[in-house]
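Visitor: Predicted model follows, preceded by the sequence.
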Amino acid sequence: MAWNITSPVTGAAVVGLTSPTYTLAVDSAPNQWAKQHAVTALGGTQTGVDVHSVSKPFTITFFRPQTPKGLPQANPVTGVIKAIPRNVYKVVVRKGALPAANQVPQQILITCSIDVPAGVDTYEPEDLKAACSLAFGAMWQQASGITDTTVSGIA
């Protein structure tokens with residue numbers, strides 16, 4: 001699989017964290033179509049942030065389709081492909097956190113799903129690359145604003 005994350009990962013700029021970095025270790029993935037890493041050390045200033053543990057996980061997992069789908073044959077008369085299958089890729093971040101004092105840790109889940117119509121990867125890969133570039137660039141650029149919204153509830 002092409003997912004080959006290198007450690008440490010430099011975190012995006014977020015108000016309240018100074019130069020955040022995350023040291024990763026290979027972890028057991030949930031299935032054979034995934035790769036998972038656990039955060040084992042923090043860099044920069046991240047007061048109150050915990051590294052991975054059983055009760056408070058801090059992982060990042062990349063999933064690929066179990067069976068990648070190709071394009072079916074087009075109708076021989078119309079040339080139309082009736083139903084275009086889709087290949088779904090996901091990145092999931094899990095972070096354990098306490099909801100209140102004396103409570104059991106709960107998991108924060110951040111899921112990014114990339115839903116690709118079969119055939120786009122070979123017919124117009126540049127459009128797939130542009131979509132990913134915009135999505136991740138915007139999330140990187142807006143990381144602090146997204147974080148503020150998740151804390152305040154105000155967009």
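Guide: In hand now; what should we look at? Since the model is a prediction, treat every value here as computed from it, not as a measurement. Numbering: from 1, shown residues only.
Visitor: Quick one: low-confidence residue ranges for this protein.
Guide: Judged by pLDDT under 70, the chain has its weakly predicted residues at 1.
Visitor: Contacts for stretch 55-73, please.
Guide: 1, 3, 5, 24, 27, 29-31, 33-39, 50-52, 81-97, 105, 107, 118-119 (CB atoms under 8 Å, 6 or more residues apart in numbering). All C-beta spots, glycine's among them, are computed from the backbone N, C-alpha and C.
Visitor: let's see it at 7 Å
Guide: Where contact means CB atoms under 7 Å, 6 or more residues apart in numbering, the residues beyond stretch 55-73 that reach it are 1, 3, 27, 29-30, 33-39, 50-52, 81, 85, 87-96, 105, 107, 118-119.
Visitor: do stretch 30-39 as well
Guide: When contacts are taken as CB under 7 Å, 6+ apart, the neighbours of stretch 30-39 outside the stretch itself are 1, 3, 5, 22-29, 51-52, 58-64, 66.
Visitor: Now it: buried residues?
Guide: 34-39 (16 or more other CB atoms under 10 Å).
Visitor: CA atoms only for stretch 148-155, dumped as CSV, please.
Guide: Written as CSV, here are the backbone C-alpha positions of stretch 148-155 (Å, rounded to 0.1, in the frame of the first residue of the first chain):
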residue,chain,number,x,y,z
ASP,A,148,-12.3,26.6,17.1
THR,A,149,-15.6,25.7,15.6
THR,A,150,-15.5,22.2,17.2
VAL,A,151,-14.9,23.9,20.6
SER,A,152,-17.3,26.8,20.2
GLY,A,153,-20.0,25.4,17.9
ILE,A,154,-19.8,28.6,15.9
ALA,A,155,-18.9,28.4,12.2
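Visitor: buried stuff in that stretch?
Guide: Neighbour-count burial for stretch 148-155, with 16+ other CB under 10 Å as criterion, is recorded at Asp148.
Visitor: Beta-bridge partners for the residue sitting nearest the centre point of the chain, please?
Guide: The structure's the chain has its C-alpha centroid closest to Val91; by CA atoms, centre = their mean the separation is 2.7 Å. According to DSSP bridges, the residues that bridge with Val91 are Phe62, Cys112.
Visitor: hang on, isn't it packed against Ser113?
Guide: No - in this structure Val91 lies outside contact range of Ser113 using CB atoms under 7 Å: 8.3 Å.
Visitor: just to revisit the earlier point, just the buried ones among the contacts of stretch 55-73, please.
Guide: With burial judged by 16+ other CB under 10 Å, the buried subset of the contacts of stretch 55-73 is 27, 34-39, 50-52, 85, 87, 89, 91-96, 105, 118-119.
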